[in-house]
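Enquirer: quick one, structure for this:
(2 chains)
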Amino acid sequence: MDRKSLKATLEVSTNVAVLLVAISALSLLAIFFFVGPRKPELTPGLEKGRVFGNLTNIDYRGNEQTLIIALSTTCPYCGQSLPLYRRILDTQHSAKKPLKVIALFPNSADDVAKYLKENQLTIDTITGVDFSSLHISGTPTMILVNDRGVVNDFWTGRLDDGEAEQVVRSLISEKASSQ
Amino acid sequence: MQVRFNKRDFPERGVHIVTPLDPSFDEKVRKHFKKRNPEELKPFSVLIYNSGSKMVLAYALTWKLIRQDGQVITKTVGYSEPDLLMGKEEAKGPDYKHTTAIETDNVKCFTWGSQVEPDSEDPTENGGARDSVFGGKGSTADLQDNATRLREQLAAQLSDATEITVSLDGVVFEDGVFIGTNSLFFQQLQATVNAKVDLLRELGQGVEAGRTDQVLESIEAATRLPDVNFSQEFSADDYYRFYRKLYATEIIGMTRSFGKIKALPHFLKWYHADRPILRKE
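Expert: Presented below is the predicted three-dimensional model:
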């Protein structure tokens, strides 16, 4: 191929490439303009009255109520919620119904041990948990289940003072916790 | 983008939140909203379904959104139709049209912070808003524009969420029993009901003691009290005074419009009617 025809081929190829890029960009813009952003896809979450996901390490039958706290070592809102968990652990023994408290982490056992030590939290834990299989999408989340593993109540995210007070009250009040 | 939808309701008491993920959502929308398409209400609407034996008179619904950055946005709205708690006889009738109360085997529909208008057989009712998802007054075209814009804004806001939790924090049944944890809602409702019942009692006792003019003067004086400015901190007393003034204005207005001969027997009947006592379970 001589120099002239090579130049012509390159010019045509460049033009075609530019044209293709322009068409693609315009198409994308048109799609976005006419179709708009995709609707978010809903997935089922936690529900009162439904059996909580299968956690082989926990036997709910031994306790009238079990409070499961889903945490992560890297979640800042979990750290901010630690005073509430300490308070619950303190009231655990004065609850009218026997209450077991257990923390779930998606992290490794080593990371969790370090986290608990750093934050001076003494709590039973299960590590390496896949939260999505338990319908939990974020941390922190607290789930109160009865002796059959049925969700009695749950609380998502960092709770404000009023909500935290309600949680503590519902855990130490027999009537509230049975609702 | 996946959004996890949690719900906190009272299934054991027959009061259920039905989300678009529930298999019965479409069927319930078609049954109870003849002019609504279930798709139009998705993805961010829920139904409250009453499968129990008692009518639900009031409820507090909280939407809690957790965004991708971890920020939490919460909105609680109390919905109530306390006529029965105030002793309004007409509210007991089978033909009474309940706007907010949920009768047995019935639903009401809600989206973030508001109730979705129910179907209306009368096109002029509700300012012609029957085709609008979001309530309001105005021409049908305006309402549709507003509804579309609001729906888009809402969808954009909610689309940023990773998790949505819809909670029923408080429910009041027709026998006056309150269940739930939202004490603020209970106190607000109690203040509203007490304001009305106290006025009816004052009026009834005054009329029966032959002091009609004096008692009407006293109620009229309540209409002239300064407006109540709600402080940031909730006060049951503020609520009570606000509603006392409102209901006093209503009583005086009706007495002037219909005359004492017609209006007073109506209020006396109301005063003597049986009413359930609002109380925590």
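Enquirer: show me the contacts for the residue nearest to A:L71 when sequence neighbours are not counted.
Expert: Closest residue to A:L71 in three dimensions, ignoring its sequence neighbours and counting by C-beta to C-beta, 6 or more residues apart in numbering or on different chains: A:C78, at 4.6 Å. Backbone N, C-alpha and C define where each C-beta goes, glycine included. By C-beta atoms under 8 Å, 6 or more residues apart in numbering or on different chains, the contact list for A:C78 reads A:L71, A:S72, A:T139, A:P140.
Enquirer: most neighbours of all the residues you listed, which one?
Expert: A:L71 (28 neighbours; other C-beta atoms under 10 Å in any protein chain shown).
Enquirer: closest to the centroid, which residue in chain A?
Expert: Closest to where the C-alpha atoms of chain A average out (C-alpha atoms, centre = their mean) is A:G138, at 1.8 Å.
Enquirer: now do the domain split for the chain, please.
Expert: Picked chain A for this. Domain ranges of chain A: A:1-41, A:60-177, per automatic domain parsing.
Enquirer: chain B is the one I meant
Expert: Domain assignment for chain B by automatic domain parsing gives B:4-173, B:182-280.
Enquirer: ranking the ones you listed by mean neighbour count, which comes first?
Expert: Neighbour counts (mean count of other C-beta atoms under 10 Å in any protein chain shown) averaged over each of the domains of chain B peak at domain B:4-173, with a mean of 18.
Enquirer: how far away is the nearest residue to B:S51 once chain neighbours are set aside from chain A?
Expert: Using C-beta to C-beta, 6+ apart and skipping the chain neighbours, the partner closest in space to B:S51 is B:G14 (4.4 Å). Going from B:G14 to chain A by C-beta to the nearest C-beta, to the nearest Å gives 11 Å.
Enquirer: tell me which residues touch B:G14, please.
Expert: By C-beta under 8 Å, 6+ apart, the contact list for B:G14 reads B:N50, B:S51, B:G52, B:S53, B:K54.
Enquirer: re earlier: reformat the domains of chain B as JSON lines; add mean pLDDT and distance to A:I23.
Expert: Shown next, in JSON lines, are the domains of chain B (pLDDT from 0 to 100; distance: least, C-beta to C-beta, whole Å):
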{"stretch": "domain B:4-173", "mean pLDDT": "79", "distance to A:I23": "29"}
{"stretch": "domain B:182-280", "mean pLDDT": "92", "distance to A:I23": "57"}
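Enquirer: pretty sure the residue nearest to the centre of chain A is in contact with B:I164, am I right?
Expert: No - between A:G138 and B:I164 there is no contact under C-beta atoms under 8 Å: 11.1 Å.
Enquirer: near chain B, which residues of chain A?
Expert: Those residues of chain A that sit near chain B, judged by C-beta under 8 Å from any C-beta of the partner chain, are A:37-49, A:75-77, A:135, A:137-138, A:153-154, A:156-158, A:166, A:169-170, A:175-176, A:179.
Enquirer: ok, the residue of chain A positioned farthest from its centre to A:P76 distance?
Expert: For chain A, the largest distance from the centre (C-alpha atoms, centre = their mean) belongs to A:D2, which lies 64.5 Å off. As judged by C-beta to C-beta, to the nearest Å, A:D2 and A:P76 stand 67 Å apart.
Enquirer: surely B:F267 forms part of a strand?
Expert: No - read with DSSP: H, G, I helix; E, B strand; the rest coil, B:F267 is helix and lies in no strand.
Enquirer: my read: B:G52 touches B:P11, true?
Expert: No - taking contacts as C-beta under 8 Å, B:G52 lies outside contact range of B:P11: 10.1 Å.
Enquirer: next one: phi and psi at the residue lying closest to A:Y77 once chain neighbours are set aside?
Expert: Nearest-residue entry for A:Y77: A:R158, 4.0 Å, with adjacent residues in sequence omitted and distances by C-beta to C-beta, 6+ apart. Dihedral pair for A:R158: phi -80, psi 130, per degrees, to the nearest 10.
Enquirer: dump the helix or strand harbouring B:G170 to PDB, restricted to CA.
Expert: Applying DSSP states H and E as the criterion places B:G170 in strand B:161-173. C-alpha atoms of strand B:161-173 as PDB (Å, rounded to 0.1, in the frame of the first residue of the first chain):
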ATOM      1  CA  ALA B 161     -31.500   4.700  49.800                       C
ATOM      2  CA  THR B 162     -30.100   1.300  50.500                       C
ATOM      3  CA  GLU B 163     -32.700   0.400  53.000                       C
ATOM      4  CA  ILE B 164     -36.200   1.600  53.900                       C
ATOM      5  CA  THR B 165     -38.100   0.700  57.000                       C
ATOM      6  CA  VAL B 166     -41.800   1.400  57.400                       C
ATOM      7  CA  SER B 167     -43.000   1.100  60.900                       C
ATOM      8  CA  LEU B 168     -46.400   1.300  62.600                       C
ATOM      9  CA  ASP B 169     -45.400   2.900  65.900                       C
ATOM     10  CA  GLY B 170     -48.800   3.300  67.300                       C
ATOM     11  CA  VAL B 171     -52.300   2.000  66.600                       C
ATOM     12  CA  VAL B 172     -55.600   2.900  68.200                       C
ATOM     13  CA  PHE B 173     -58.600   0.600  67.800                       C
END
